[in-house]
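1. sequence first, predicted model second:
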Number of protein chains: 2
Amino acid sequence: MIDLMQMGKMARAAARQLARATSAQKHDALRAIADCLESDAARILAANAADLDDAHARNIGDALLDRLSLNGRLASIASDVRDVIALPDPIGEVIESNTLPNGLRVSRRRTPIGVLGVIYEARPNVTVDVAALAIKTSNAVILRGGSETLRSNMALVEVIRAALLTAGLPADAVQFIADTDRRYIGELLKLNDYVDLIIPRGGQALHQFCRENSTIPVITGGMGICHLYVDQSADQDAALKIIENAKTQRPSVCNALDTILVHEAIAAEFLPHVIDRLGASGVSFRADPAAMALLSDPRVTAAGEDDFDTEWMRLILSIRVVDGVEMAIEHIAAHSTAHSDGILTRDMDQADHFVDEVDSAAVYVNASTRFTDGGQLGLGAEIAVSTQKVHARGPMGLRELTSYKWVIQGDGQIRS
Amino acid sequence: MIDLMQMGKMARAAARQLARATSAQKHDALRAIADCLESDAARILAANAADLDDAHARNIGDALLDRLSLNGRLASIASDVRDVIALPDPIGEVIESNTLPNGLRVSRRRTPIGVLGVIYEARPNVTVDVAALAIKTSNAVILRGGSETLRSNMALVEVIRAALLTAGLPADAVQFIADTDRRYIGELLKLNDYVDLIIPRGGQALHQFCRENSTIPVITGGMGICHLYVDQSADQDAALKIIENAKTQRPSVCNALDTILVHEAIAAEFLPHVIDRLGASGVSFRADPAAMALLSDPRVTAAGEDDFDTEWMRLILSIRVVDGVEMAIEHIAAHSTAHSDGILTRDMDQADHFVDEVDSAAVYVNASTRFTDGGQLGLGAEIAVSTQKVHARGPMGLRELTSYKWVIQGDGQIRS
């Protein structure tokens, strides 16, 4: 029986202490986490082995087993924590400052958000990643991980809480819901007196559940139906490489390619190369009637009704032939989840038009959609990718874990 | 019977058109609104007179009647719309731009949010204010106004929609729920496929209802329990003027003062001046035991249990004696709604400490809390004041009605 309200109160109190912490203190805590991940490796891996045994007994499949495993990964997780230390501390930064005609000095100063609630599944490294980003930005966090990694997560959280104490910071800045009963997700989502932001990390069902049940602001994302439009002017060799990379480099993630839209003027020439090249990597294809008419290959089947609205997450690519950039833009408006969509073209007017018209979190010209990632786009770290329009859009780094307050300094000003 | 889903679809389509609009087109629409508010004044005032007649028949009181009335106010509302034209158009602005080591050019470009849902009460000028800010920022909006001003609002919306058409913009960029049945608020709050942000403007009950029932991000705010701490080093004359202004200049608004916290070293000297000065303006007082012991005046009564947690909205001021800035900070942490809180002091170390520790949307030093207002703080306009931590905090102007997209331009980059 876990008292979430009590956890919320303790998180709120810890957040106030954390807001006063110096960068040096926060970095001491992060260094201690990184060091203990290595020095306590035996204990952490024993907990992880118990999780893996259970998972194995339930025949969950090699891919998921691999995601759960911390074997050989603790050094890399520790290294990621040390990378977070090296990033600039955003807290306290003066965003804007201005003196008004009445003499009031008005500035906005970057502050922590307060208390985060992060709900995630599978991979236990998320526990450390999220805690490190929260500590760096002076946010307290309540974590709720998946049932498959309960023991691994508890071992990791023990390391993190001990590290906070050695740095003179409150252990309750990082709390973990050590019971995977789903009722606690529901309770966490209603804790609006104590939690300022919910960040779900997982599939569409989790995001929808959070959106529908939370009384706290939620960052939604998690699903990417991603498109590349191949214009008639595209460099076809470069386009092939980009499509191959976007589809096959890591097919199970949200910024992997789902659909290509190919200009009718080059479809007959270009599409067979796509089939050959990606087919060799094990990709199969779902084609619209115009593409079907151009292709005769056992790996290509006719696209079903929902195929253009499916996030594949595996080695399947949808193909549609379009009559130009406008039709591509309309297809994307109708079928994209506004995550990552791009154009491959040598015509910069077409590129500009596409960028203006496509309203996705990330809009690409002549590059792979796989770059939609905080680390790849220069944020240094990433807590989530947002596909909503408010607070933050696309990859969220340290700055997206901050709020601000207005500071107004006067010498007796009153409003007339 | 209103089909909100259909309104949502039309708003979404209109938002796409509006996103393509030039500043000149948007300004044409705003100019046409301002002009028609004056040229159609007779028709608008006739609708308003019908609302006023009904309100009068229901004996709603002079203060509320005054809020409903458009008599003599249309020119000023038109002037506010013209002021919005003069503000810079934020849409399309490049927020940040950077070339990565791999040659990718990464920028973030400011975009509209998309479709806003704005729920408000009483004053019909809000209809025009909100529509003008939405049009300026290329956002479509679905408005839901109060029942007391239904006919006024419908007349104003007619002007706005006609103005959009004259500028070649879609009338459906501004839609109005012409039925005040509260079920439509509930339906609007669930329209997450078509609406990107809900902005409630009204009291605490409305904000809470939205937070609890919306599947769309909500900007919460609307309630300010505001404090001024009077330090022992304060300039007492300046402090009196600031307290009087913050309490009495417009007592019914969210940034009006609710509580003063007075240092014990000056309480005996300072508090009688507060009673005299504000008492002369009709203010009465709720004092804690320490203040009660210092005061003997019929306008001062003992503070009840909830008085320090009450947003007065009228000429009542709570008074508490504290032993220093720490106790003031703790009182504010316990009782404030994190809207507007300040310190009056000549000790700049105390001021800095207060500003660091008080986590409110607006933190003041030696000025009236009444400045928490987009117009007063240099934003040029204001759609709402947020007391939540995400997306925007404090006064929200044009920029707070925008999102952004990442634009990534390459020449064939793939992820390794």
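-> Nice, I can see it.
2. only C-alpha atoms for contact and neighbour calcs from this point on.
-> Will do.
3. and chain A, what are its domains?
-> Per the record, chain A has its domains at A:4-220+A:388-408, A:226-371, by automatic domain parsing.
4. end to end on the first one, go ahead and measure it.
-> This means domain A:4-220+A:388-408. 36 Å (Cα to Cα, to the nearest Å).
5. what about it, distance to the chain center?
-> 13 Å (Cα atoms, centre = their mean, to the nearest Å).
6. anything in it near chain B?
-> Yes: against chain B, domain A:4-220+A:388-408 shows contacts by Cα under 8 Å from any Cα of the partner chain at A:20, A:100, A:106, A:113-114, A:196-197, A:211-218, A:388-394, A:403-408.
7. inside helices: which ones of the residues you listed?
-> Counted as lying in helices by DSSP state H, out of these, are A:20, A:211-213.
8. please list only the buried members of the residues of domain A:4-220+A:388-408 next to chain B.
-> A:106, A:113-114, A:196-197, A:211-218, A:388-394, A:403-408 (16 or more other Cα atoms under 10 Å in any protein chain shown).
9. from chain B, how far out is A:L191?
-> 11 Å (Cα to the nearest Cα, to the nearest Å).
10. my read is that A:A173 contacts A:A11, right?
-> Yes: if you go by Cα atoms under 8 Å, A:A173 and A:A11 touch, sitting 5.7 Å apart.
11. between these two, which contacts overlap?
-> A:140-141 (Cα atoms under 8 Å, 6 or more residues apart in numbering or on different chains).
12. residue of chain A nearest chain B, please.
-> A:H391 (3.5 Å; Cα to the nearest Cα).
13. residues in contact with the residue nearest to that residue when sequence neighbours are not counted?
-> Once flanking residues are discounted, A:H391 sits nearest to B:H391: 3.5 Å by Cα to Cα, 6 or more residues apart in numbering or on different chains. Taking Cα under 8 Å, 6+ apart, we find B:H391 in contact with A:390-392, A:403, B:400.
14. tell me the one among those residues nearest to A:F371.
-> A:A392 (17.2 Å; Cα to Cα).
15. for B:W406, see how far away the closest one is.
-> Distance from A:A392 to B:W406, by Cα to Cα: 11 Å.
16. same check, this time on A:R16
-> 33 Å.
17. with A:H27 instead?
-> From A:H27 to B:W406 the distance is 30 Å (Cα to Cα).
18. can you list the residues of the stretch 201-350 of chain A near chain B?
-> A:211-218, A:238-239, A:241-242, A:245-246, A:249.
19. would you mind pulling the contact partners of stretch A:5-19?
-> A:111-112, A:114-115, A:135, A:138-142, A:169-175, A:191, A:194-195.
20. next step: those restricted to helices.
-> Those of the contacts of stretch A:5-19 lying in helices (DSSP H): A:I135.
21. just the contacts of stretch A:5-19: which are in strands?
-> A:111-112, A:115, A:140-142, A:174-175 (DSSP state E).
22. hmm, A:N153 is touching A:L143, no?
-> No: using Cα under 8 Å, A:N153 is not in contact with A:L143; the gap is 9.5 Å.
23. the longest strand in chain A is where?
-> Longest strand in chain A, counting by DSSP E: strand A:402-413.
24. distance between that one and the chain's centre?
-> The answer for strand A:402-413 is 33 Å, by Cα atoms, centre = their mean.
25. now for it, which elements pack on it?
-> Applying 3 or more Cα pairs under 8 Å, 6 or more residues apart in numbering or on different chains; DSSP states H and E, one finds that strand A:402-413 contacts strand A:105-112, helix B:236-248, strand B:362-367.
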